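1. generate a structure from the sequence data that follows.
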Amino acid sequence: MRKPRSVTPALAALMLLASALGVPAQAASMKHDSIVNALSFSPDGKSILSASWDRTVKLWNPATGTALHTFHGHEASVNAIAFSPDGRLVLSGSWDRTVKLWDAKGGKLLRTFNGHKNSIYGVAFSPDAKTALSASWDHTLKHWDLTTGKLIATWTGHAASVNAVVFTPDGRFAMSASYDTTMKLWDVKTGHVVRTYRGHTGSVNSVVLTADGLRALTASTDKSVKMWDVASGAILRRFAGHEKFVTRAVISPDGSRVLSADGEGIVRLWDTDSGKEIRKFSDGIKPLWGLAFSPDGRHALAGGHGEIIKVWDLKTGRDVSP
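-> Predicted coordinates:
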């Protein structure tokens, strides 16, 4: 007989969330049928979004591990996902070269955007959710009108695959990360490159911005995580310690901590100001591709080749997955 699971404070909080949502608290593993490529908490923290090689996007209850919706429609691996700022819409990007817009609550497919000539690895909503950006291995970014479905512009400038993209909080600019070892800051209105950031020696796999848009965080195959000043392009901090390529790095909502994941399946938690490692944890899943902070900054999501999505208590380092 399986030993009953002890209820930690973090798990109890998750179970209380389930009760508040009116969902039975019987836990089930959050699991895809193949590799987990990307993860995101909804803005209100009440659901989790995941993307997988199994060609699906799933919406989960984080307290019980229950799949609320499975989004079917992509014909190949789904590599990128994003919630709209209000949590009502979802974007996904795939190896099938399409971007899809979904209703988050019902899982209904609202629109499909065609035009890229290779796999899509990054998607982002504008702050007003009227437009979106997609980043592709065809070396371009595309700017889309979400209402009409029309292509606004194609941005060119990277010399290799574009792996990630993010809007600045005011929506005036966007930053992209590329296999060409650079990041670029783009003027959204004109599609012109404002600044190119150099400092990595390998593919830049991810880029995110702090809530104020003043700093950028990047992860690279050169085994490093770097914090940048967006305005000047200066490297403000280096987070050193990973022994394998770094797949993704994210910033806590309050900007005080950084999470990074690597090819060995190790997640490291860092202090932003000092650059010092606070703790590291792993569950043997390697490599890890999906990584996210909860909106309250207390938990982390991680997923990769193990197919199962893990939830970690960042204060204790304990696995509190449902």
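
2. need the strands for the stretch 201-322 of the chain, in chain order.
-> 204-209, 215-220, 225-229, 235-239, 246-251, 257-262, 267-271, 277-281, 288-293, 299-304, 310-313 (DSSP state E, counting those that start in this stretch).

3. tell me if I'm right that K286 and G303 touch.
-> No. The criterion here is C-beta atoms under 8 Å, and K286 misses it with G303 at 11.5 Å. To be clear about C-beta, it is placed using only N, CA and C from the backbone, and glycine gets the same treatment.

4. who's more crowded, those two?
-> Between K286 and G303, G303 has the larger neighbour count (other C-beta atoms under 10 Å), namely 28 against 17.

5. dump the residue contacts of the more buried one.
-> Listed by C-beta atoms under 8 Å, 6 or more residues apart in numbering, the contact partners of G303 are 32, 36, 39, 50, 285, 288-290, 309-310.

6. from memory V162 sits against M175, does it?
-> No. Using C-beta under 8 Å, V162 is not in contact with M175, being 11.0 Å away.

7. neighbour-wise, which of those two wins?
-> Each of V162 and M175 has its neighbours counted (other C-beta under 10 Å); V162 has more, 28 against 25.

8. show me the contacts for the more buried one.
-> Applying C-beta under 8 Å, 6+ apart to V162 gives the contacts 121-122, 135-137, 139-141, 176-179.

9. please redo it, this time with the cut-off set to 10 Å
-> V162 sits next to 118, 120-122, 133-141, 155, 176-180, 184, 204 when contact means C-beta atoms under 10 Å, 6 or more residues apart in numbering.

10. which stretch of helix or strand covers the closest residue to it other than its chain neighbours?
-> Closest residue to V162 apart from its sequence neighbours, by C-beta to C-beta, 6 or more residues apart in numbering: A135 at 3.9 Å. Using DSSP states H and E, A135 sits in strand 131-136.

11. that strand packs against which elements?
-> strand 78-83, strand 89-94, strand 98-103, strand 120-125, strand 140-145, strand 151-156, strand 162-167, strand 173-178 (3 or more C-beta pairs under 10 Å, 6 or more residues apart in numbering; DSSP states H and E).

12. quick one: which of those is nearest L59?
-> strand 89-94 (7.8 Å; C-beta to C-beta).

13. export that closest one as PDB, just CAs?
-> Presented in PDB, the C-alpha positions along strand 89-94 are these (Å, rounded to 0.1, in the frame of the first residue of the first chain):
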ATOM      1  CA  LEU A  89      -6.600  34.300 -24.400                       C
ATOM      2  CA  VAL A  90      -3.800  31.900 -25.300                       C
ATOM      3  CA  LEU A  91      -1.200  32.000 -28.100                       C
ATOM      4  CA  SER A  92       0.700  28.900 -29.200                       C
ATOM      5  CA  GLY A  93       3.500  28.400 -31.800                       C
ATOM      6  CA  SER A  94       4.500  25.100 -33.400                       C
END
